[in-house]
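>>> Predicted model, plus sequence, below.
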Amino acid sequence: MDASIASALSQLHDSPAGYLISGHQRVSQRLDDSRRTAIHRTVVWLVLLVAVVYAAFFVAMSLR
Amino acid sequence: MSEQVLGHDEHDHGPDPQFLRRWITTTNHKDLGALYLWFSLLMFLVGGAMALVIRAELFQPGMQLVRPEFFNQMTTMHALVMIFGGVMPAFVGLSNWLLPVMLGAPDMALPRLNNWGFWILPFAFTLLISTLFMPGGAPAGGWTMYPPLVLQTGLAFPFLIFSVHLLGVSSIMGGINVIATILNLRAPGMTLMKMPLFAWSWLITAFLIIAVMPVLAGAVTMLLMDKYFGTSFFNAAGGGDPVLFQHVFWFFGHPEVYILILPAFGIVSHIIPTFSRKPLFGHASMVYAMSAIAFLSFIVWAHHMFTVGLPLAAELFFMFATMLIAVPTGVKVFNWTATMWRGSLSFETPMLFALGFVFMFTIGGFSGLMLAMAPADFQYQDTYFVVAHFHYVLVPGAVYSIMAAVYFWLPKWTGHMYDERLGKLHFWLSTIGVNLTFFPMHFSGLAGMPRRIPDYALQFTTFNQISSVGAFMFGFSQLLFVYIVIKCVRGGEKATAQVWEGAEGLEWTLPSPPPYHSFTIPPLVT
């Protein structure tokens, strides 16, 4: 990671708003890139699942 | 990630010292778990007060205390508050607190989403409860929101629909977070079949939430369109069909019932082995049974509407499919009983509530089988028998499991033991109260007393008086629960890390209370 980004993150982390991201960083700290990608992939699949349920619902309603 | 960032993160800071900022901005799973649990306790008290208004009015035949319109508002709001504000957030709170420490994870996989998911709830319930103070009052057409009745709701209607949408959004975000956590943040060596049953129950529940919450959102949006935008989805005069709403609602509603009970199965599957000092009998069969129950929950919805005039083939299908649920449920009850068989049992408060759950949930299950029989259901439909059935499943079922979980893990959360004597008193007062309240409803229902009615015929008086006395006894004994929890939070005998002699699982390897950030280094599960 670029040093300036790391420094910005570090400042944000110590600011009041930083508490909003601290839990996020705690998780990030434990994750390597492949695990992080796996989480993102899971979320994308689940959001797609929600979209499919919505789509199925509207198709079912328009077919009747 | 660069060493610089890692280096920065290594200095563990605790919670924000400023009280308000800590609780509003927190992304810590323990903080959010606590927020969910306190919120649900508040909602239990609000919903409980509404139940007591209902029971006070029904103490005698005739109108005594409230107007019929207000009575209907109370029945509707009681259900909405208890289901969406009480039971669901309590289970989400337990999942927040427990999943990371059970799985060996540092936090939930999506901590910022977690914060958002919680803080939507107070806004949603402010919208919903504010309708009580509006001209025309709160929604009064029942929590099932059947049209055309619900379309008579006044100013409260858009507030109801919007709050249901918000609750759905919050639940879906929570569901996504749980699945992402369980699938990605388990400790090394913890295969899915080695995973604790509470995590399994929540994995299945989260998929149910994702599958059915959009259906509820779609259905209530169609209601909104019918009321304000001139559509006729459910309006027979415009070519629509009010029964369609019932199909769509119960396609959501029946899996919702299992959303409210599957996490309870998980909790009880932790408590009974601990106080039996034996491993759970049939871990894998418990997983398969919960999965089977979740699958079947999608194909039984029309048992809620046997009397609307379904084709005979549909009545038969939904009758038999519903009865099938008794098989995996029976497997679970058998396994809990077999776990206790020849165990070294002790009866601390969590075990008492878990045993109360097994006995009384089974009573609710049996009355569910009676209701599943289509020909018999024509007599039971819309009577107090139905009220007795689902309250047995939800109060000594879901609510008892939540209380069992609180007593079981409270020493872990707070670092203090609760007052065991008061805990047992709470259990017995609650158990006597809950049975006095709901058991007589079987009889008044079988004798034909309709539900959601503020007045009744004289012959139902005695049963109703017993129910009302029981309800006040149950309601006020929950104040004892609040006292026990607050007393434990404030101090008491120090709890060890293990807390219970027979407890097993990663959460018991952490000190009591666990540090603000737990499992920074993942534990190895063998």
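Nice, I can see it. Numbers count the residues shown, from 1 in each chain, chains lettered A, B, ... in the order given.

>>> Now do the strands in chain B.
With DSSP state E, there are no strands along chain B.

>>> Any idea which residue is closest to the centre of it?
Here the mean C-alpha position of chain B is nearest to the C-alpha of B:Val87 (C-alpha atoms, centre = their mean), at a distance of 3.0 Å.

>>> isn't it right up against B:Leu41?
No: here B:Val87 lies out of contact with B:Leu41, judged by C-beta atoms under 8 Å, at a distance of 11.7 Å. Bear in mind the C-beta positions are built from the backbone N, C-alpha and C, glycine included.

>>> what mean pLDDT would you report for stretch B:133-149?
For stretch B:133-149, mean pLDDT rounds to 95.

>>> One more: stretch B:274-294?
pLDDT averaged over stretch B:274-294 gives 97.

>>> Check stretch B:100-112 too.
Throughout stretch B:100-112, pLDDT has a mean value of 92.

>>> Can you show me the CA trace of that stretch as CSV?
Extracted in CSV, the C-alpha atoms of stretch B:100-112 (Å, rounded to 0.1, in the frame of the first residue of the first chain):
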residue,chain,number,x,y,z
PRO,B,100,-17.2,-14.3,15.8
VAL,B,101,-16.2,-15.8,19.2
MET,B,102,-17.6,-19.2,18.3
LEU,B,103,-15.9,-19.2,14.9
GLY,B,104,-12.6,-17.8,16.0
ALA,B,105,-13.1,-14.6,13.9
PRO,B,106,-11.9,-11.1,14.8
ASP,B,107,-15.3,-9.6,14.1
MET,B,108,-18.2,-10.0,11.6
ALA,B,109,-17.0,-9.9,8.0
LEU,B,110,-18.8,-6.6,7.2
PRO,B,111,-18.6,-4.5,10.3
ARG,B,112,-19.7,-1.2,8.8
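
>>> Would that stretch count as contacting chain A?
Yes: Stretch B:100-112 is in contact with chain A by C-beta under 8 Å from any C-beta of the partner chain, via B:Ala105, B:Pro106, B:Asp107, B:Met108, B:Ala109, B:Leu110, B:Pro111, B:Arg112.

>>> before we move on, the earlier item: check contacts around the residue nearest to the centre of chain B.
Residues near B:Val87 by C-beta atoms under 8 Å, 6 or more residues apart in numbering or on different chains: B:Ser40, B:Leu260, B:Leu394, B:Ala398, B:Val399, B:Ile402.

>>> Give me the distance between it and chain A.
The gap separating B:Val87 from chain A is 22 Å, by C-beta to the nearest C-beta, to the nearest Å.

>>> picking that back up, identify the farthest-apart pair in the residues of stretch B:100-112 next to chain A.
Greatest spatial distance among the residues of stretch B:100-112 next to chain A (C-beta to C-beta): B:Ala105 and B:Arg112, at 15.8 Å.

>>> These two: which has the busier surroundings?
The neighbour comparison of B:Ala105 against B:Arg112 (other C-beta atoms under 10 Å in any protein chain shown) goes to B:Ala105, with 26 against 16.

>>> Number of residues surrounding the closest residue in space to the more buried one that isn't next to it in sequence?
Sequence neighbours aside, B:Leu185 is the residue nearest to B:Ala105 in space, at 3.7 Å (criterion: C-beta to C-beta, 6 or more residues apart in numbering or on different chains). Look at B:Leu185: counted by other C-beta under 10 Å, it has 25 neighbours.

>>> go on, B:Phe123?
B:Phe123, neighbours per other C-beta under 10 Å, totals 13.

>>> number of nearby residues for the nearest residue to it once chain neighbours are set aside?
Distance criterion C-beta to C-beta, 6+ apart; nearest residue to B:Phe123, sequence neighbours excluded, is B:Leu166 at 6.5 Å. Neighbour count for B:Leu166, taken as other C-beta under 10 Å: 18.

>>> who touches B:Leu166 in this structure?
Shown in contact with B:Leu166 (C-beta under 8 Å, 6+ apart): B:Ile120, B:Leu121, B:Phe123, B:Ala124, B:Leu127.

>>> State the distance from the third one to chain A.
The reference is to B:Phe123. 18 Å.

>>> The second one too?
Distance, B:Leu121 to chain A, by C-beta to the nearest C-beta: 18 Å.

>>> OK, contacts around that residue?
Contact analysis of B:Leu121 by C-beta under 8 Å, 6+ apart lists B:Tyr36, B:Phe39, B:Gly85, B:Pro89, B:Leu166, B:Leu167, B:Ser170.

>>> per-residue pLDDT, it?
96.

>>> residues making contact with stretch B:457-469?
Residues outside stretch B:457-469 that contact it (C-beta under 8 Å, 6+ apart): B:55-56, B:58-61, B:436-438, B:440-441, B:443-444, B:447, B:449, B:456.

>>> again with stretch B:124-135
For stretch B:124-135, contacts defined as C-beta under 8 Å, 6+ apart pick out B:43, B:46, B:73, B:77, B:80-81, B:84-85, B:137-139, B:154-156, B:159-160, B:162-163, B:166-167, B:170.

>>> Buried ones among the residues of stretch B:100-112 next to chain A?
The neighbour count (16 or more other C-beta atoms under 10 Å in any protein chain shown) marks B:Ala105, B:Pro106, B:Asp107, B:Met108, B:Ala109, B:Leu110, B:Pro111, B:Arg112 as buried among the residues of stretch B:100-112 next to chain A.

>>> B:Pro454: what's its closest spatial neighbour, skipping adjacent residues?
Excluding the flanking residues, the one nearest B:Pro454 by C-beta to C-beta, 6+ apart is B:Phe71, at 3.8 Å.

>>> Same question for B:Thr322.
B:Ala372 (3.9 Å).

>>> Identify the residues contacting the one you found.
Contacts of B:Ala372 (C-beta under 8 Å, 6+ apart): B:His303, B:Met319, B:Thr322, B:Met323.

>>> Greatest separation within those: which pair is it?
Greatest spatial distance in those: B:His303 and B:Met323, 9.4 Å, computed using C-beta to C-beta.

>>> Would you map the helices across chain A?
Here chain A has its helices, by DSSP state H, at A:3-14, A:18-30, A:33-63.

>>> pLDDT of the first one, averaged?
The reference is to helix A:3-14. 51.

>>> Likewise for the longest one?
Helix A:33-63 carries an average pLDDT of 86.

>>> same for that helix, what does it pack against?
helix B:156-184, helix B:197-228 (3 or more C-beta pairs under 8 Å, 6 or more residues apart in numbering or on different chains; DSSP states H and E).

>>> tell me which residues in that helix are buried?
Buried residues in helix A:33-63, counted by 16+ other C-beta under 10 Å: A:Arg36, A:Ala38, A:Ile39, A:Thr42, A:Val43, A:Leu46, A:Leu49, A:Val50, A:Val53, A:Phe57.

>>> Distance check, the residue of the stretch 101-250 of chain B found nearest chain A against B:Pro514.
Closest to chain A within the stretch 101-250 of chain B is B:Pro111: 3.3 Å, counting by C-beta to the nearest C-beta. Distance, B:Pro111 to B:Pro514, using C-beta to C-beta, to the nearest Å: 16 Å.

>>> ok, the nearest residue to B:Thr131 once chain neighbours are set aside - contacts?
Beyond its immediate neighbours in the sequence, the residue positioned closest to B:Thr131 (C-beta to C-beta, 6+ apart) is B:Ala156, lying 3.6 Å away. Contacts for B:Ala156 were tallied using C-beta under 8 Å, 6+ apart; they are B:Thr131, B:Met134, B:Gly136, B:Gly137, B:Ala138, B:Pro139.

>>> hmm, 10 Å instead?
B:73, B:76-77, B:127-128, B:130-140, B:163 (C-beta atoms under 10 Å, 6 or more residues apart in numbering or on different chains).

>>> now A:Ala60
A:Ala60 is in contact with B:Val215, B:Gly218, B:His247, B:Val248, B:Phe251, counting by C-beta under 10 Å, 6+ apart.

>>> From what I see, the third one and B:Phe318 are in contact.
What it means is B:His247. No: judged on C-beta atoms under 10 Å, B:His247 makes no contact with B:Phe318 at a distance of 11.1 Å.
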